[in-house]
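Novice: coords please:
(one chain, ligands or ions: 2)
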Amino acid sequence: MKILKFGGKSLANGKGIQTVVDIIEKKAKKGEAITVVLSARGASTNELEEILEKASKNENYKAQLEAFKNYQLQGYEALDAQEEFHALDTLFEGVSLLGDYSEKIKDKVLSHGELLSARLVTALLKEKGVNAHFTDSRSLIVTDDQFGNAQPLDSLSKEKVKAHFKKYNGTTVNVVTGFIASNRNQETTTLGRNGSNYTASLLASFLDAEELQNFTHVDGIYTANPDLVADAKKIKKLSFTEANELAHFGANVLHAKTIIPLVEKKIPLRILNTFDPENEGTLITSEENEDGIKKLSVLENVSLISLEGRGLLGRVGVDARIFQALAYENISISIISQGSSERGIGLIVNSTNASKAKKVLEEEFKTDIYKKDVSAILIKDDVSVVSIIGQDLSTFHKPYNRLIKNQIVPLLVNNTATGKNVSLVVLKKQLHKTLNVIHGEIYGVAKKINLAIFGHGLVGGTLIDQILASRDEIEKRKNIHLNIFAIANSKKVLLSNSGVDHRWKTSLQNQGVSYTLDDIIQYADKHHLENVIAIDNTASKDFVYNYEHLVTNGFDLVSSNKVANTVDYEFYKSLRSTLENHQKQYLYETNVGAGLPLIETIKLLHLSGENITRIKGIFSGSLSYLFNTFSVEDRPFSEVLKEAMDSGYTEPDPREDLCGNDVARKLLVLARELDLKNEFEDITIHNLIPAHLREGTAQEFLGKIQEFDTVFAKIKAAQPEGNVLRYVGDLHGDLSKDKGIMDVQLISVPKDSSLGQVKGSDSIFEIYTESYGDHPMVIQGAGAGATVTARGVFGDILKVAQSIN
Ligand SMILES: NC(=O)C1=CN([C@@H]2O[C@H](COP(=O)(O)OP(=O)(O)OC[C@H]3O[C@@H](n4cnc5c(N)ncnc54)[C@H](O)[C@@H]3O)[C@@H](O)[C@H]2O)C=CC1
Ligand SMILES: N[C@@H](CC=O)C(=O)O
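Specialist: Ligands and ions are numbered 1, 2, ... in the order given. Below is the predicted model of the structure:
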């Protein structure tokens, strides 16, 4: 025998009730032995409750009662509901006259929801030729006298159930009213909310059923509420122990009391979807899963009450007083947490009870407040409880760290000493993000990294295309999902919480909107975007002043722009301390040597205590190309310069390279990695731009670049035979002091020297250290170019992404 239980939503008008009848008919005609337990249809129970309230207040309830009756008959006008309707008329009239009602009357009223539902389904099944039998559970389940929440008397009920099913067995499909029962005096009682599920599990237990199938409007039990977590997965099978934890923590498909009769008899419970009957749903059995299932459960509409005061320290019985005072007012505490210092106690109660709870506690601790032993009793309303069921503390650091990285700091953490369950109280506005962050971590769902890219010129544009081209592969290999949710230039931003695609240029043109930085921050917040990284691919001197604001708003930083590391030292330090305070990262490998692993190497050497004594080399990819080519080819300087620009080696304004600033910045970036406190002004720079070409716009400058030709032809000719020109940066001096010496200059070197042999746009860095002596460590390779630089930025993004655990 299988027990099939259908809930109110499954039995609602429209698609619902017909589907239910089809499911039962199919099973009955296949010869399956089944018993059906029904709830009231749709929102019938709530409506009856509302009508009852109105009647008791002498308000006009008749229109709503008519609507209720119409709903019950809609499409089923042949149903004989006179008995129920007449009983309801009489009951409401009585309540209206009296102006009051008892729990006993309420149970009588509410029972008609289930009675009508079972009558209708029985009639419909009979029409289809099924041998259905309307079964009023008041003749089966006997309870105590606790109207509204009656407790079944097991042995009496079992006896009656057994006797009934002995009489109506074989091909009979008993259609049983859920929720309702009667006491020993045959007065109607109800089993409390979720009572129909309870009826079904009692029947299953008394009849030793093979399975209880609970038909709902969901496909089964999910790892989290799918409305809040898009990646939530359906759990195929779980144990009663796990289900029991879910039932306690707000999982509304189950209730602890309905599980107990099944556990005792080891009867499996299957959660099914009425509207997708082929789906096998979730099976709950007594078999324990070895690894255990983790599931997220949420309590909303709760408030955090905190009791603070120095005088609580070491006092005996404070918690007992709290519990007692609240219990007296029937207020239940779902979580309580207390620091070992005992100076503060936090407790969670239902929001509807929060003000009352505060009042009760203020009264209880009146004297303590007067003596200033208790300084405050505060309510925080906008909170939610997230419980990770199946989680113990041995691995809890992982989801917890992930939350902190995403700037979600729980207000309270609580775990069960036995069993596996950790609960966190978080701000309600962070609930959605909290669930997604934890769910992603515990289920190893691809980690979502949300990127805001500022600047989509040569480097930025190439980066976006590189990310879009390799993100599927990265997701497959590294379980990291890269989502570009913002692309901005200085005027417009394209926003897309689900991520831009390869048509981003057109989309930006058509859908780009003017913006402020806060618009992007708020957009990320509104769409609960986790693990956000801001990427600066501008050459802007102003944008870097946004970095700290981004960090305080939860963004990690990646930058190809060198400015933030080369403005005043005070800013440099302040940014680092903001990063430290917010536990955020800032990576900028491409600031020196484009995609070459230079900064990382220098950092590691320095960190490991290696004394770096000098760093010398060709720092500029564009000037490397310029002088490598110009030195050996018989072509005008301006023509080669134009080539370097067209190849994407130069800065957006090439004067930044030619004046030596770009190399100087790179030197300063490295100096600061060595903890030197140099400022940009400390650097001696050989400016290659003749004085008369330094002023004016970049455009005007480009119109005059031929004027370089004679100047550089002379310089080239003045060199010794076999020499070539190289633009070199040098960081030297006593690097163990506060400041190093930095020079940037154009020099002539033998063609076969280490600097002379460099080709194309390569950079070369010679790192002299104490251990390496006169034989420096050398890093050489492409020092400029959009493709290698974008690849370097991409590498930094992935490093940040991987470090978010
Ligand atoms: N080209 C190369 O080989 C290398 C370049 N870099 C650095 O990469 C950065 C970008 O260089 P390119 O792509 O060549 O420049 P670009 O001029 O092609 O692109 C810069 C982009 O930034 C945008 N932008 C400017 N101010 C902005 C603001 N306030 N907010 C948002 N967007 C803004 C511009 O509209 C433009 O789209 C520069 O900082 C450069 O120093 C670093 C290493 C190598
Ligand atoms: N303009 C720069 C680009 C990389 O930083 C250079 O030429 O090196």
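Novice: When you work out contacts or count neighbours from here on, use the C-alpha atoms and nothing else.
Specialist: OK.
Novice: Low-confidence regions, the stretch 451-600 of the chain specifically.
Specialist: Applying pLDDT under 70 to the stretch 451-600 of the chain flags no residue at all.
Novice: Those residues of it touching ligand 2, which are they?
Specialist: Residues of the stretch 451-600 of the chain found near ligand 2 (Cα under 6 Å from any ligand atom) are 591, 592, 594.
Novice: Quick check: the gap between the nearest residue to residue 123 once chain neighbours are set aside and residue 178.
Specialist: Nearest residue to residue 123 in three dimensions, chain neighbours excluded: residue 79, at 7.4 Å (Cα to Cα, 6 or more residues apart in numbering). For residue 79, the distance to residue 178 equals 20 Å [Cα to Cα, to the nearest Å].
Novice: Dump whichever helix or strand residue 701 is part of to PDB, restricted to CA.
Specialist: Assigned by DSSP states H and E, residue 701 falls within helix 698-702. C-alpha atoms of helix 698-702 as PDB (Å, rounded to 0.1, in the frame of the first residue of the first chain):
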ATOM      1  CA  ALA A 698      49.100  64.800 -28.600                       C
ATOM      2  CA  GLN A 699      47.600  65.500 -32.000                       C
ATOM      3  CA  GLU A 700      49.700  68.600 -32.500                       C
ATOM      4  CA  PHE A 701      52.800  66.600 -31.400                       C
ATOM      5  CA  LEU A 702      52.200  63.900 -34.000                       C
END
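Novice: Below-threshold pLDDT in the stretch 201-350 of the chain: ranges please.
Specialist: Scanning the stretch 201-350 of the chain for pLDDT under 70 picks out the ranges 246-253, 289-293, 339-343.
Novice: dump the residue contacts of whichever residue of the stretch 301-450 of the chain sits closest to ligand 1.
Specialist: Among the residues of the stretch 301-450 of the chain, residue 450 lies nearest to ligand 1; the distance is 17.3 Å by Cα to the nearest ligand atom. Shown in contact with residue 450 (Cα atoms under 8 Å, 6 or more residues apart in numbering): 482, 483, 484, 485, 529, 530, 531, 532, 533.
Novice: you'd agree the fourth one is in a strand?
Specialist: In this case it means residue 485. Yes - with DSSP: H, G, I helix; E, B strand; the rest coil as the criterion, residue 485 is assigned to a strand.
Novice: Show the contacting residues for it.
Specialist: Neighbours of residue 485 in contact, by Cα under 8 Å, 6+ apart: 450, 451, 452, 494, 495, 496, 497, 498, 499, 500.
Novice: If we use 10 Å, what do you get?
Specialist: 449-453, 493-500, 520, 523-524, 529, 532 (Cα atoms under 10 Å, 6 or more residues apart in numbering).
Novice: outside of stretch 685-702, which residues touch it?
Specialist: Outside stretch 685-702, the residues that reach it (Cα under 10 Å, 6+ apart) are 638, 642, 652-661, 663-664, 704-705, 707-708, 711-712, 727-729, 742-746.
Novice: Please list which of those residues are also close to ligand 1.
Specialist: Among the contacts of stretch 685-702, the ones lying near ligand 1 by Cα under 6 Å from any ligand atom are residue 652.
Novice: Cross the contacts of stretch 685-702 against helices and list the overlap.
Specialist: Taking DSSP state H as the definition of helices, the contacts of stretch 685-702 contribute 638, 642, 655, 656, 657, 658, 661, 663, 664, 708, 711, 712.
Novice: Next up, the contacts around the fifth one.
Specialist: Shown here is residue 657, whose contacts under the criterion Cα under 10 Å, 6+ apart are 620, 621, 622, 623, 649, 650, 651, 663, 664, 687, 688, 689.
Novice: what do you get for the first one?
Specialist: Residues counted as contacts of residue 638 (Cα under 10 Å, 6+ apart) are 626, 630, 644, 702, 704, 705, 706, 707, 708, 709, 710, 712.
Novice: of those residues, closest to ligand 1?
Specialist: Using Cα to the nearest ligand atom, the contacts of residue 638 come closest to ligand 1 at residue 644, 10.0 Å.
Novice: Hmm, the closest one is touching residue 654, no?
Specialist: Yes - the pair residue 644 / residue 654 is scored as a contact, 9.3 Å apart, by Cα atoms under 10 Å.
Novice: For the two, list the residues in contact with both.
Specialist: 622, 623.
Novice: Looking at those two, which is more packed in?
Specialist: residue 644 (23 against 20; other Cα atoms under 10 Å).
Novice: got a pLDDT number for the more buried one?
Specialist: Note on residue 644: pLDDT of 97.
Novice: what do you get for residue 366?
Specialist: Taking residue 366 on its own, its pLDDT is 92.
Novice: and ligand 2, which of the contacts of residue 657 contact it?
Specialist: Okay, of these touching ligand 2 (Cα under 6 Å from any ligand atom), that's 620, 621, 622, 623, 649, 650, 651.
Novice: Would you format those residues as JSON lines with secondary structure included?
Specialist: JSON lines is the format used below for those (three-state DSSP):
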{"residue": "620", "secondary structure": "coil"}
{"residue": "621", "secondary structure": "helix"}
{"residue": "622", "secondary structure": "helix"}
{"residue": "623", "secondary structure": "helix"}
{"residue": "649", "secondary structure": "coil"}
{"residue": "650", "secondary structure": "coil"}
{"residue": "651", "secondary structure": "coil"}
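Novice: and the residue of the stretch 51-200 of the chain found nearest ligand 2, what does it touch?
Specialist: Relative to ligand 2, the nearest point of the stretch 51-200 of the chain is residue 194 (66.9 Å; Cα to the nearest ligand atom). Counting by Cα under 10 Å, 6+ apart, residue 194 makes contact with 7, 39, 178, 179, 252, 253, 254, 255, 257, 258.
Novice: just the residues you listed now: which is nearest ligand 2?
Specialist: Nearest member of the contacts of residue 194 to ligand 2, counting by Cα to the nearest ligand atom, is residue 252, at 57.7 Å.
Novice: What lies in contact with the helix or strand hosting residue 87?
Specialist: Using DSSP H and E, residue 87 maps to helix 82-98. Helix 82-98 is contacted by residues 48, 51-62, 65-66, 68-69, 99-102, 105-106, 108-113, 115-116, 119 when judged by Cα under 10 Å, 6+ apart.
Novice: again, only this time at 6 Å
Specialist: Under the contact criterion Cα atoms under 6 Å, 6 or more residues apart in numbering, helix 82-98 has outside partners 55, 56, 58, 101.
Novice: Number of residues surrounding residue 671?
Specialist: Using other Cα under 10 Å: residue 671 sits among 24 other residues.
Novice: Check which helix or strand it maps to.
Specialist: Here residue 671, judged by DSSP H and E, is contained in helix 661-673.
Novice: For residue 730, give me its contacts.
Specialist: 615, 616, 742, 743.
Novice: typo on my end, residue 598
Specialist: So residue 598 contacts nothing (Cα under 6 Å, 6+ apart).
Novice: Can you classify the closest residue to residue 138 other than its chain neighbours as helix, strand or coil?
Specialist: Leaving aside its sequence neighbours, residue 138 sits nearest to residue 181 (Cα to Cα, 6+ apart; 4.0 Å). Three-state assignment for residue 181 (three-state DSSP): strand.
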